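# okay, sequence plus prediction incoming.
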Amino acid sequence: MSKLLDQIRNCNVEWKPLGEVIHSLKTGLNPRNFFKLNTDDANNFYVTIRELKSHTIIFNENTDKINNEALRLCNNRSNLEVGDILFSGTGTIGNVAIIEKQPMNWNIKEGVYAIKPKQDIIDSKFLLYLFESENIRKDFLSRSAGGTVKSVPMKELAKILIPIPPFSLQSEIVRILDIFTAITSELTNELSLRKKQYQYYRDKLLSFGDDVEWKTLGEVAKYEQPTKYLVQSSDYHDDFDTPVLTAGKTFILGYTDETDGIYKASQNPVIIFDDFTTANKWVDFDFKAKSSAMKMITSADENKVLLKFIYYWLNTLPSELASNDHKRQWISNFAKKLIPIPPLAEQQRIVEILDKFDTLVNSLTEGLPKEIELRQKQYEYYRGLLLDFPKSFC
């Protein structure tokens, strides 16, 4: 690796505008002007930024579809081929994927750009990695324009400068970066499988019939309003000690230096529950709360029903949220839902099993998420080194 890095530092690499090293830069069609989405006869996929994941195109149940006539119009416009790079030019700018098989039943939306490299000058995969490098990203992001939804015009994207090292060097850099991305991809796939396994065993372990007593969540759990734990200032800093929490995906919004009104979850763990979205988190460290819509849920009697058992059961329940429903969900809905009450020893056994699965698939300090994070950082570090070419000929 050290020899390769020396070669990169000492290589007299010519930099050229993107437009000079590609055959074409095109975008897809806007359905508002040419066709309708998801018609009864639509059986071809219509690719947006959502489908550009992990350097490839991944369809899912939410992918829009177009009919054969719409696909024909799109094909005439974009002329997609193996080796083309797809680049999201609108909204979240800079997501990239490479076409590895000739498209037969899909095409791209307006705002997704199809870039056709001149293969005798630049390797497609090398160009894909360049688009993710820090300096190139800064260049094309600086050229974006627009209001709430920004985009980088194709004419501007064609002006960004691209290093063109010898093909042998391009190939070696691609080989190394492919190894890092393959490791991360493998771990991500493993995590997805483990999550499905976790959900299966959680649902199986928490399946009970009439052989156990059932009570409402309102009978076995109590709640506290977050008023006295609310953070007063949003002046967060990573050097501060106390995390500020939300029950949503973000979870930790930042860290505060406020010392009053701290919830001592390190002594008494708690479930934080968003009263509008029903999102919830298990917390066993001290914190302050951000939203007054949050409820602190604890067990009414730990000698009868473990709080962690309540937490796992709570996450098997559908939210049943209706659109425009602004009711407080704990009192109006969840407190009325039934929960099985097996013997305390059985609750403890179930919790211990599910804790192991939860650590594996959800922990940010250990388990697969942590490993994926470390591998991603490793990839980004070496990508930065391997694509750091001097601008000798600029």
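Perfect, I can see it now. Numbers count the residues shown, from 1 in each chain.

# who are the contact partners of the residue nearest the centre of the chain?
Centre of the chain computed as the mean C-alpha position; nearest residue by Cα atoms, centre = their mean is residue 53, 9.6 Å away. Applying Cβ atoms under 8 Å, 6 or more residues apart in numbering, we find residue 53 in contact with residue 97. Yep, even glycine has a C-beta here, placed from its N, CA and C like the rest.

# go on, the one 3 residues further on?
For residue 56, the set of contacting residues under the criterion of Cβ under 8 Å, 6+ apart consists of 97, 98, 100.

# of those residues, closest to residue 224?
For the contacts of residue 56, the minimum distance to residue 224 (Cβ to Cβ) is 47.3 Å, reached by residue 97.

# circling back: report the lowest-confidence entry in the contacts of residue 56.
Lowest pLDDT among those: residue 100, with 93.

# hey, which helix or strand in the protein has the poorest pLDDT?
helix 2-9 (a mean of 74; mean pLDDT, DSSP states H and E).

# list of residues touching that helix?
165, 169, 172, 173, 176, 385, 386, 388, 389, 390.

# narrow the contacts of residue 56 to those in strands?
Of those, the ones assigned to strands by DSSP state E are 97, 98.

# reformat the contacts of residue 56 as a markdown table; add neighbour count and distance to residue 197.
What follows is the contacts of residue 56, written out as a markdown table (neighbours: other Cβ atoms under 10 Å; distance: Cβ to Cβ, whole Å):
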| residue | neighbour count | distance to residue 197 |
| --- | --- | --- |
| 97 | 22 | 28 |
| 98 | 18 | 31 |
| 100 | 12 | 29 |
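
# hang on, the earlier thing: list the buried residues in the least confident helix or strand of the chain.
Residues residue 8 are the ones in helix 2-9 that count as buried (16 or more other Cβ atoms under 10 Å).

# before we move on, what about stretch 146-153?
151, 152.

# cool, and stretch 340-359?
Buried, per 16+ other Cβ under 10 Å, within stretch 340-359: 340, 341, 342, 347, 350, 351, 354, 357, 358.

# and it, how far out from the chain's middle?
In terms of Cα atoms, centre = their mean, to the nearest Å, the centre of stretch 340-359 is found 29 Å from the chain centre.

# show me what it is in contact with.
By Cβ under 8 Å, 6+ apart, stretch 340-359 touches 194, 197-198, 201-202, 205-206, 208, 212-215, 220, 303-306, 308-309, 312-313, 366-367.

# that stretch - what's its average pLDDT?
94.

# output it in CSV with nothing but the alpha carbons.
Provided in CSV are the C-alpha atoms of stretch 340-359 (Å, rounded to 0.1, in the frame of the first residue of the first chain):
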residue,chain,number,x,y,z
PRO,A,340,-49.5,-11.2,28.6
ILE,A,341,-48.1,-11.6,32.1
PRO,A,342,-46.1,-14.9,32.2
PRO,A,343,-44.2,-15.8,35.4
LEU,A,344,-41.4,-13.5,36.3
ALA,A,345,-38.7,-16.1,35.7
GLU,A,346,-40.1,-16.6,32.1
GLN,A,347,-40.1,-12.9,31.6
GLN,A,348,-36.5,-12.8,32.6
ARG,A,349,-35.6,-15.7,30.3
ILE,A,350,-37.2,-14.0,27.3
VAL,A,351,-35.6,-10.6,28.1
GLU,A,352,-32.1,-12.2,28.3
ILE,A,353,-32.5,-13.9,24.9
LEU,A,354,-33.8,-10.8,23.2
ASP,A,355,-31.2,-8.6,24.8
LYS,A,356,-28.5,-10.6,23.0
PHE,A,357,-30.2,-10.2,19.7
ASP,A,358,-30.8,-6.5,20.3
THR,A,359,-27.2,-5.9,21.0
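
# let's have the contacts of helix 2-9 in CSV, adding pLDDT.
Formatted as CSV, the contacts of helix 2-9 follow (pLDDT from 0 to 100):
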residue, pLDDT
165, 93
169, 92
172, 94
173, 94
176, 94
385, 87
386, 91
388, 86
389, 86
390, 80
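
# in PyMOL, how would I select just the buried ones from the residues you listed?
PyMOL command restricting the contacts of helix 2-9 to the buried ones, with burial defined by 16+ other Cβ under 10 Å:
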select buried, resi 165+169+172+173+176+386+389
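
# distance to residue 255 added to the contacts of helix 2-9, as TSV?
Formatted as TSV, those follow (distance: Cβ to Cβ, whole Å):
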residue	distance to residue 255
165	43
169	44
172	42
173	38
176	37
385	31
386	34
388	33
389	38
390	39
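
# which of the contacts of helix 2-9 sit farthest apart?
Going by Cβ to Cβ, the pair spanning these furthest: 176 and 390, at 19.4 Å.

# sorry, back to before: can you lay out the contacts of residue 56 as CSV showing distance to residue 275?
Shown next, in CSV, are the contacts of residue 56 (distance: Cβ to Cβ, whole Å):
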residue, distance to residue 275
97, 39
98, 45
100, 46
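
# for the least confident helix or strand of the chain, output the C-alpha coordinates as CSV.
Extracted C-alpha coordinates of helix 2-9, given in CSV (Å, rounded to 0.1, in the frame of the first residue of the first chain):
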residue,chain,number,x,y,z
SER,A,2,2.8,2.4,0.8
LYS,A,3,4.4,2.0,-2.6
LEU,A,4,1.0,2.7,-4.2
LEU,A,5,0.5,5.8,-2.2
ASP,A,6,4.0,7.0,-3.1
GLN,A,7,3.2,6.4,-6.8
ILE,A,8,0.0,8.5,-6.4
ARG,A,9,1.8,11.4,-4.7
